[in-house]
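> Let's see this in three dimensions:
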Amino acid sequence: MLCLVTTDGPPRYLTTGAVDPVTTRFRLGSITKLVTALTVCALECAGRLTLDAPLSSSTAITLRHLLTHTAGLPDENLPTVDTLPASLAMNWLPPGSVFSYSNLGFRAIETWLEELTARPLHALVRQHILTPYGMTTAVLDDKLGAAGGLAGTAEDAARLVEGLLRQPAHLAALRKAAVPVPSRPGTVAGLGCFQRRRGQVWLVEHEALIHDDACVVCLVPDEGWGYALLTRAWQRSLRQAVEQFEVTWFGPSPDKPHRRLTRIPRDWYARYVGEYVNGAQRLCIAVDGDELILMRQGIRVPLVQSTPHRLAVAVPLPNKPSEVVVLTDVAGQALCLYPFGSLRALRRVAHRLDEPV
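Prediction:
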């Protein structure tokens, strides 16, 4: 279902399959992060909190770090420890140093908000966002909570887009942070959202992929409209469909710069060789004969060089970008990887990010 939303009329719905905008329910997954960020901003406006104060005396992590995925926490869907201080102590990168998408960070926000207000997150979200925006049938499940527990109808998603378009101060609050996302040039993270330029306009968006459901919420603030796309059993086609829509609305994507692929000098192999981890996600770069290879989930592919800070797989993988973004220290040693366009950084084992990259 595609929901087209403007500020001067009711939403328009275009459907494929047996979908009703009022009764068919979808898991909205990580769109919850956008709603959580709006709730935090509402509490900030009410004077209940500040985004830049450390969350405890034992950490430098702030709400802004968590909302922009720069707290350095691993990507875990649920906390693996019982207390907020223990969750925040899991950071493996210094706060504010590098973007790395983290569901655990939003569960930490949830825990902190509930301790601050003595109210469950679902009640806070309903009071500050769902009810004012008219998202009457949306429900926040406590199991996934702030990381991805929201479910609702296409009408709820359209109301979210409409509410943000009609409350420019709310949208401006989300956009006031702009943290570069290394694996996606031209994309920056706001509070619970992402921003990128397409043609002459900025897009403010978030996508969700959860089980069989997928969803994109996207606003075009400069032109006063937006859309939500909700699908079931269509996850792998989601981004392709979004690209087709954007070509229609904004014109063709600008051509990506051509990068010449070359063999990596053998004396550079040591820069990259090692194990990389982020929570349960792991990969390894190793030397096999005369080749540098990447090993992940049983896949072994040779690596070549794209630029000094980008590697590429020699054999393209289905539905995967070919490049691996490498963050290095001043000596040129790899600290983190963003494999295949992922938003999640993988830290090189036995390395800490102690200096700028």
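
> Could you tell me which residues make contact with the residue most central in space within the chain?
Nearest to the geometric centre of the chain sits Tyr101, at 5.3 Å (Cα atoms, centre = their mean). Residues counted as contacts of Tyr101 (Cβ atoms under 8 Å, 6 or more residues apart in numbering) are 69, 75, 342-344. In short, each C-beta sits where N, CA and C put it, glycine included.

> How about it: what's its closest non-neighbour residue?
Leaving out its chain neighbours, the residue that sits closest to Tyr101 by Cβ to Cβ, 6 or more residues apart in numbering is Leu343, at 3.8 Å.

> hang on, the earlier thing: give me the distance between the residue nearest to the centre of the chain and Pro94.
The gap separating Tyr101 from Pro94 is 17 Å, by Cβ to Cβ, to the nearest Å.

> for Met295, same thing?
With distances taken as Cβ to Cβ, Met295 is found 28 Å from Pro94.

> same deal with Pro265?
30 Å.

> Specify the local secondary structure of Ala37.
helix (DSSP: H, G, I helix; E, B strand; the rest coil).

> cool, Asp142 as well?
Per three-state DSSP, Asp142 ends up coil.

> quick one, helices of this structure?
31-45, 63-67, 84-88, 103-117, 121-125, 131-133, 145-148, 154-166, 168-175, 238-250, 269-272 (DSSP state H).

> CA atoms of the first one as CSV?
Yep, that's helix 31-45 we're talking about. Below are the C-alpha coordinates for helix 31-45, written out as CSV (Å, rounded to 0.1, in the frame of the first residue of the first chain):
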residue,chain,number,x,y,z
ILE,A,31,9.5,3.5,12.3
THR,A,32,9.1,3.2,16.1
LYS,A,33,12.5,5.0,16.4
LEU,A,34,11.1,8.1,14.7
VAL,A,35,8.1,8.1,17.1
THR,A,36,10.4,7.6,20.1
ALA,A,37,12.5,10.5,19.0
LEU,A,38,9.4,12.7,18.7
THR,A,39,8.4,11.6,22.2
VAL,A,40,11.8,12.6,23.5
CYS,A,41,11.6,16.0,21.8
ALA,A,42,8.2,16.6,23.3
LEU,A,43,9.5,15.9,26.8
GLU,A,44,12.5,18.2,26.0
CYS,A,45,10.1,21.0,25.1
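
> For it, what is the distance to the chain centroid?
15 Å (Cα atoms, centre = their mean, to the nearest Å).

> Is Gly332 in contact with Arg271, as I believe?
Yes. With contact defined as Cβ atoms under 8 Å, Gly332 and Arg271 form a contacting pair (5.7 Å).

> Tell me which of these two has more neighbours.
Between Gly332 and Arg271, counted using other Cβ atoms under 10 Å, the more crowded position is Arg271 (19 against 12).

> Pro143: how many residues sit nearby?
Quick fix: residue 143 is Lys, not Pro. Neighbour number of Lys143 under other Cβ under 10 Å is 9.

> Grab the nearest non-local neighbour of it.
Once flanking residues are discounted, Lys143 sits nearest to Gly149: 6.3 Å by Cβ to Cβ, 6+ apart.

> What does the pLDDT read for the residue nearest to Tyr101?
Predicted confidence (pLDDT) for Leu343: 94.

> ok, now which residue in this protein is the farthest from the centroid?
Distance-from-mean max, the chain, by Cα atoms, centre = their mean: Gly289 at 37.1 Å.

> give me phi/psi at that one?
Dihedral angles of Gly289 (phi, psi; degrees, to the nearest 10) stand at phi 70, psi -120.

> Tell me the spacing between it and Asp156.
Gly289 is 55 Å from Asp156, by Cβ to Cβ.

> what's the most distant pair in the contacts of Tyr101?
For the contacts of Tyr101, the farthest-apart pair by Cβ to Cβ is His69 and Ser342; their separation is 12.2 Å.

> If you count surrounding residues, which of those two has more?
A count of neighbours by other Cβ under 10 Å puts His69 above the other of His69 and Ser342, at 26 against 20.

> Can you tell me the closest non-neighbouring residue to the more buried one?
Tyr101 (5.0 Å).

> do you know how far that neighbour is from Ile61?
On the measure of Cβ to Cβ, Tyr101 and Ile61 end up 16 Å apart.

> Distance to Lys176 for the contacts of Tyr101 - can I get that in a markdown table?
Listed next are the contacts of Tyr101 as a markdown table, based on distance: Cβ to Cβ, whole Å:
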| residue | distance to Lys176 |
| --- | --- |
| His69 | 16 |
| Asp75 | 24 |
| Ser342 | 26 |
| Leu343 | 20 |
| Arg344 | 24 |
